[in-house]
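Novice: structure for the following, please:
(2 chains)
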Number of protein chains: 2
Amino acid sequence: MQVDKLKEPLVFHRVLLTVDADDPNSSTRAFQYATTMAHDYQVELCIVSVLEDDDISIFDVMTPGKVDKKEDVVRQAVEDYTTIAEELGVKHVTGLTVGASDVDDVILDKVIPRFKPDLIVCGSDTEDSKHRVPGAVGLRIAKRAQVSVIVVR
Amino acid sequence: MQVDKLKEPLVFHRVLLTVDADDPNSSTRAFQYATTMAHDYQVELCIVSVLEDDDISIFDVMTPGKVDKKEDVVRQAVEDYTTIAEELGVKHVTGLTVGASDVDDVILDKVIPRFKPDLIVCGSDTEDSKHRVPGAVGLRIAKRAQVSVIVVR
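Specialist: Sure, this is the predicted structure:
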């Protein structure tokens, strides 16, 4: 037991919040937790949403403008979350949208190396979710990421 | 998007910290996070350690006094963590040891209904771990518990 180490406070400094634009209710409590902490400890907050492969059906891809519209919805959601975070007094907040890829892979391979978070905040998919495996995104990131992960329910 | 709800702060009030007496390094950062939060927000903290089935080999069970000794080690570890938490200014801290059962099952079926946490804090097993599936305890709890779970790495 490392007593000296145990007595040091531990505060996360770079928080990555993943939001699901398709299932906003799943992100509500995760957003509340992330902004409360980012405000109280003045940490860097990055809000990211991914436009998933699975969300783009073959029909959608064949309809001109459909994918762009979905991207716009995701981008607008991230912008709204970012604005609210700023209104709540979070000083260092950035929004990020990543298009058309697997959520886990893009978070792990693209977003984490770029933002270098020490905590990832995920919601828990609700019954509104369009994902094929509900509740699994946060858990899969928790399993594969080398940083701390909180699943907020 | 529930804007009014998003603007409410979210603080956890009852934090359950799981520690592994066999693998203290895995719990160090989890302990630091839990006590920092419990101190800063004055939340209730319960520190629990489980004496696992797998830890008691047939040889151990056949040697009189061996199991008792392992239980004592676990009990002492929880007492030490509790004392340090109190020294750090955490006002409401309780220690709990649960003997001889599967970690996930006992946390989910016995500890959660009793303590009613809104956040479970788990460490991430290290290479020192004696568990057969390293790193999996926190993730399995995260998968099965209906409350928020943080895996601190």
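
Novice: what sits against the nearest residue to A:Ala142 once chain neighbours are set aside?
Specialist: Closest residue to A:Ala142 in three dimensions, ignoring its sequence neighbours and counting by Cβ to Cβ, 6 or more residues apart in numbering or on different chains: A:Val149, at 3.9 Å. Quick note: C-beta positions are derived from backbone N, CA and C, even for glycine. For A:Val149, the set of contacting residues under the criterion of Cβ atoms under 8 Å, 6 or more residues apart in numbering or on different chains consists of A:Leu119, A:Ile120, A:Val121, A:Cys122, A:Gly138, A:Ile141, A:Ala142, B:Ile150, B:Val151, B:Arg153.

Novice: would you confirm that A:Met37 contacts A:Phe12?
Specialist: Yes - counting by Cβ atoms under 8 Å, A:Met37 does reach A:Phe12; the two are 7.2 Å apart.

Novice: overlap in contacts of the two?
Specialist: Each of A:Val43 lies in contact with both A:Met37 and A:Phe12 under the rule Cβ under 8 Å, 6+ apart.

Novice: the residue nearest to A:Ala142 should be in a helix, yeah?
Specialist: No - with DSSP: H, G, I helix; E, B strand; the rest coil as the criterion, A:Val149 is strand rather than part of a helix.

Novice: could you identify the helix or strand that succeeds the lowest-mean-pLDDT helix or strand in chain A?
Specialist: Per-element confidence for chain A was summarised using mean pLDDT, DSSP states H and E. The lowest value among helices and strands belongs to helix A:58-62, with a mean of 65. Scanning the chain past helix A:58-62 towards its C-terminal end, the next helix or strand to appear is helix A:66-87 (assignment: DSSP states H and E).

Novice: so what's the residue nearest the centre of chain A up against?
Specialist: Within chain A, the residue whose C-alpha comes closest to the C-alpha centroid is A:Thr18; the distance, by Cα atoms, centre = their mean, is 0.6 Å. The contact partners of A:Thr18, taken as Cβ under 8 Å, 6+ apart, are A:27, A:30, A:48-50, A:103, A:107, A:120-123, A:137-138, A:141.

Novice: filter those residues down to the ones in helices?
Specialist: Filtering the contacts of A:Thr18 for membership in helices, criterion DSSP state H, returns A:Ala30, A:Val103, A:Val137, A:Gly138, A:Ile141.
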